[in-house]
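pasting the structure only:
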C-alpha cells in the first residue's frame, strides 16, 4: 500500500513544487469523530507542505453555557461539547456557515450523521472549487428501493465529485487520546488515495489503502449484524472458538454482500482494518454484541415472555441506537426482494433469530448453503478454482 | 471449497462403486486431540460408503489403574486417560503396536507430539500400503539449520507419501463435546483434499479446503508469537481496538513468513479458520496471551526486578509449556541468519520485548518497515499493484 503513496506522493510533491498550489481542507462536521479527525488533519496540514496550514471545520452552531460553540472552539481550541478532553490544533478553525466553511477548499472531509449527508451536499452545490475531492468518514450505508446506497455514491450523485471512504477499528476518544489503531481508505484513483493517505496517516493512526470504496463502507454496516451473532453466541456461553468461527463466517458473507452489490471489491479488504479488525472489536466489545447477548439470555430464560429489542436498547444504551437490528432488517428485505436469501444463510439466520423467533441455539446451525459451491463467491471462488 | 468435494467426491464414489475398494483409516496417536479426532472419524467412516467402517487408533500403551489403556478403550470405548468424558464410536479400536495399527490402512492421520513424528515415521517405513496418504493434525513447525520445517515435510521425507495438514480454531474437549467450530485442510492434490474433507467434515466441525499445506501449518506456529503481543497489549490496558490492530498486523506478518519460506501459499488462507479465527481465539484467551500479560504487568510494575518467563510458565501453566516464546526465538534466529529482520518488524519487536528488555510500550511502536513497499509482500502486493 505504501508504494502507492511513495509514487503518488512524489508526484504530488512535484506538482506542489512547480505549481505552488497546496490542498486546502474543509471538515464537514464537528461531532466526536469529526473533532478527533480534526486533530489528526490539523497536525498533518501543519507538517506537510502539500497542505495549506489552515483547516476549516464546519460546526453546526449550538449554544453552550450561553456562548456559541464555534466561538468557544476558536478561542479555547476545545470542542467542549463533543471532545471536551482534548485540544484541537490551533490551525483548525470552526465555522458555523456551511457554505463559508468550504471557501477555497480542495479537499472535503464528510463526517456527519448519514441522514444529513444528502441535504448538506445540496447546500454545498455550486459553492465548491473546481476539482475538489471528498472523503467520507461516515459510518454505515443506506438502503432504498434500488438497494444498498453508499455514502460516497450520495456525494457523487449530489456533487459530481470523486469520493474516497475511510473506515476502521476506530473509536474517536481513543484516537484523540493517541491510542494506536489503524484505518483503511478505499479509493477510486490512486492519486486521490495517496492524498488522503497523507492527510490521515500518523504513527498512531496507520492508514492502509485499498482500491475501491464499496467494501470499506459495506463492511462497516454489515459487521453490526454479525455482532448480533457474537452476542447470541455469548448468551449461549459458547466460548471463543465458536465465536471466532462465527466472526469468520460473518466476514465471508460481508465480503459476499459487497461483491454481490458492488463492483471493484478487492479481496484483501477483508484483512484490512475496516474488515477483520473492525469486526473483531465489534464482536468483542460493541453495543450491538452487548444488547444481543442480553436479548439472547432473556429468550433463553423467559421464552415467549422475553424482553424486546426496544426495551433493552432503551435500558442499556443510554439514548444510543442499535445498528445491527436495523441493518439486519434492511439486508433481509433487500435479499428477499432480490431472491438471494440462500446466498447469505448466516445473515438470514441472524435476522430470523432476532425477529422471527428462531431459537438462539440456531446461531451455530449454519445452513449448508453457506458452504455450497453455488453460493460460494469471491473468497471461496479463489479457493475452489485452485 | 465445497465444489472441490462435490466434484472429487463424485469421482471417489464412482471409483468405490466400480472397484469396491474403500479407504481404511489409521489414527497415529490417542492423546486428547487424537481421541477427539477419532470421534469424528469414527462417525464419518460408519456413515460414508467410501470408508471402511473399522478405524484403528495407535495408542502408546500405558497402565491405568492396573489395566492396559488400550484394553480399557476397547472394552469401555472411553479413553479414560486423555478424553475421559466422551465415548468413542464402537468402530474405533485401539492398537498398542504401531506397525500393526497401520495394517491395511490407506489413510494415516498423524496426531502426536511433534518431537515423536520422525521416529514414528521411521518405525512405519516398509510397513505401509501402496498409495497410502497422510494428514497431519500436529500443531506447530520445527526449526533446523535449513530453516522452518513442516510436519508434512517430515512425513514426506521419511515415508515418501503425500501429506495434507489440518489446523483451525479447535480445542479437543470442545470438539468432543460437539461445540460448533471450523477447521482448515491444506492439500497438494485436490482429490486427496476431498478425501480428507469427507473424513473430517461434520455439521459442527466444518472443514474448508485450501490449496497448499504450508500456510496452514506456519500460521499455527507464528500465531503464538502474535499472542505475546496481545498479552503485552492487555498488560497496558490498551483495549480491543488496539489489540485488533495488532492481531491484523500479526496476521500480515504470519502470511509474509509463510510466503517467504514456502511456495504455494493461497492468500485466502488468511481468512480461513487456521488463519484469522485461530489467531483471534489465541489472542483472546490462550495461554501465551495470558502469560505474556502477566510478564508485561510484572515488567511495568517491577522494572528490572520483573519475573521471568520460566517462573510465570511454571506458576501459571500447570506443567504445560509456552509456545510463543520458543517460536519467537526460533523465528528471530532464522530471520537474523537470512538477513530478513526488516521484513518482519512486528515479530522482531515482540522478540525484543520478550528477550532484550525493549519496553512493553513498544508493542504499538510498529516500525515503519512493516508498512513500506520494499518489505510488502503478498497481501500488500495485491493492494499495491492495484
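Okay, I see it. Everything quoted here is computed from the prediction, not taken from an experiment.

Tell me which residue lies nearest the centroid of chain A.
Nearest to the geometric centre of chain A sits residue A:139, at 3.3 Å (C-alpha atoms, centre = their mean).

three-state assignment of it?
Of the three states, residue A:139 takes coil under DSSP: H, G, I helix; E, B strand; the rest coil.

With adjacent residues omitted, what lies nearest to it?
Once flanking residues are discounted, residue A:139 sits nearest to residue A:220: 5.3 Å by C-beta to C-beta, 6 or more residues apart in numbering or on different chains. From N, CA and C alone the C-beta is placed, and that goes for glycine too.

pLDDT at the one you found, what is it?
You'll see residue A:220 listed with a pLDDT of 96.

and the helix or strand it falls within, how far from the chain's centre?
Here residue A:220 sits within helix A:214-235, counting by DSSP states H and E. Computed by C-alpha atoms, centre = their mean, to the nearest Å, the chain-centroid distance of helix A:214-235 equals 12 Å.

about what we covered before: I'd like to check which residues are in contact with the residue nearest to residue A:139.
By C-beta atoms under 8 Å, 6 or more residues apart in numbering or on different chains, the residues touching residue A:220 are A:139, A:140, A:141, A:167, A:274, A:278.

Closest one of those residues to chain B?
Nearest to chain B out of the contacts of residue A:220 is residue A:278 (C-beta to the nearest C-beta; 7.3 Å).

The closest one - that's part of a helix, no?
Yes: under three-state DSSP, residue A:278 falls within a helix.

doesn't residue A:223 make contact with it?
Yes: Residue A:278 lies in contact with residue A:223 (C-beta atoms under 8 Å); the separation is 5.9 Å.

how about low-confidence regions in chain A?
By pLDDT under 70, the weakly predicted segments of chain A are A:1-11, A:372-386.

Could you list the domains of it?
A:1-211, A:218-373 (the TED database).

Buried deepest among these, which one?
domain A:218-373 (a mean of 21; mean count of other C-beta atoms under 10 Å in any protein chain shown).

How far off centre is that domain?
Using C-alpha atoms, centre = their mean, the offset of domain A:218-373 from its chain centre is 17 Å.

Where do the strands of chain A begin and end?
A:23-28, A:51-58, A:63-64, A:67-68, A:92-95, A:107-110, A:133-136, A:142-144, A:147-149, A:163-167, A:181-187, A:205-211 (DSSP state E).

so what's residue A:213 up against?
A:150, A:152, A:163, A:164, A:165, A:186, A:187, A:188.

Now do the same contact list for the closest residue to chain B within the stretch 51-200 of chain A.
Closest contact between the stretch 51-200 of chain A and chain B, by C-beta to the nearest C-beta, is at residue A:180 (3.6 Å). The contact partners of residue A:180, taken as C-beta under 8 Å, 6+ apart, are A:204, A:206, B:238, B:242, B:245, B:364, B:366.

Which member of these is positioned nearest residue A:335?
residue B:245 (31.6 Å; C-beta to C-beta).

wait, doesn't that closest one sit right on residue A:174?
No: between residue B:245 and residue A:174 there is no contact under C-beta under 8 Å: 10.7 Å.

can you list residues touching both of these two?
By C-beta under 8 Å, 6+ apart, the residues touching both residue B:245 and residue A:174 are residue A:181.

roughly how far apart are residue A:267 and residue B:335?
Here residue A:267 is placed at a distance of 28 Å from residue B:335 (C-beta to C-beta, to the nearest Å).

and if you look at residue A:324?
Counting by C-beta to C-beta - residue A:324 and residue B:335 are separated by 42 Å.

can you check residue A:229 too?
38 Å.

from the middle of its chain, how far away would stretch A:175-182 be?
16 Å.

ah, wrong one, I meant stretch A:166-174
Remark: stretch A:166-174 is offset 8 Å from the chain centroid, using C-alpha atoms, centre = their mean.

what about that stretch, start to end distance?
End-to-end span of stretch A:166-174 (C-alpha to C-alpha, to the nearest Å): 17 Å.

Need the contact partners of it.
Contacts for stretch A:166-174 (C-beta under 8 Å, 6+ apart): A:32-33, A:35-37, A:83, A:85, A:135-137, A:139, A:181-186, A:196, A:200, A:207, A:216-217, A:219-220, A:272-274, A:277-278, A:280-281, B:239-242, B:244-245.

Now with 6 Å, please.
For stretch A:166-174, contacts defined as C-beta atoms under 6 Å, 6 or more residues apart in numbering or on different chains pick out A:32-33, A:36, A:135, A:137, A:181-185, A:216, A:220, A:273-274, A:277-278, A:281, B:241, B:244.
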